[in-house]
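Trainee: Sequence and computational prediction follow.
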Amino acid sequence: MNLYTVTFARSARRELEALSRPLIARVFKRIETLASDPRPAGCRKLVGQVNLWRIRVGDYRVLYEVDDEKCAVDVVAVRHRKDAY
């Protein structure tokens, strides 16, 4: 089983750091699981986007791209659900 490399866009890192400490821990824990399973149960492919997926963490959404050839997951955004789309 391949492990994927998880990277963050600079803007996504800033959005994550702006959250409260307990929320950062919850969100980061879910992001770490993407390394072993980039398309976990409950993830959704965003309609109209070529390779953009999202997972839910409470009221927050983590938007990310998956590159299966390079075994890479790139986190694009971490936003409250009202701002995510």
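Mentor: Received it, and whenever you're ready, just let me know what you need. Residues are numbered from 1 along each chain as shown.

Trainee: centroid residue for this structure?
Mentor: residue 62 (3.7 Å; C-alpha atoms, centre = their mean).

Trainee: looking at this, it is in a strand?
Mentor: Yes - per DSSP: H, G, I helix; E, B strand; the rest coil, residue 62 lies within a strand segment.

Trainee: you'd agree it is up against residue 55?
Mentor: Yes - with contacts counted by C-beta atoms under 8 Å, residue 62 reaches residue 55, the gap being 5.0 Å. All C-beta atoms are positioned from the backbone trio N, CA, C, and that covers glycine.

Trainee: Sketch out the strands for the protein, chain order is fine.
Mentor: 5-8, 44-45, 52-57, 60-67, 72-80 (DSSP state E).

Trainee: Need the contact partners of the longest one.
Mentor: Defining contact as C-beta atoms under 8 Å, 6 or more residues apart in numbering, one finds that strand 72-80 is touched by 4-9, 11-12, 15-16, 19, 27, 31, 34-35, 38, 52, 59-67, 84.

Trainee: Separate out the buried members of the residues you listed.
Mentor: Burial by neighbour count, 16 or more other C-beta atoms under 10 Å: within these this picks out 4, 6, 8-9, 12, 15-16, 19, 27, 31, 34, 38, 52, 60-66, 84.

Trainee: Distance of residue 4 relative to residue 35?
Mentor: Noted for residue 4: a distance of 5 Å to residue 35, by C-beta to C-beta, to the nearest Å.

Trainee: which helices and strands sit right next to the longest helix seen in the chain?
Mentor: Longest helix of the chain, by residue count under DSSP state H: helix 21-33. For helix 21-33, the packing partners by 3 or more C-beta pairs under 8 Å, 6 or more residues apart in numbering; DSSP states H and E come out as helix 10-17, strand 52-57, strand 60-67.
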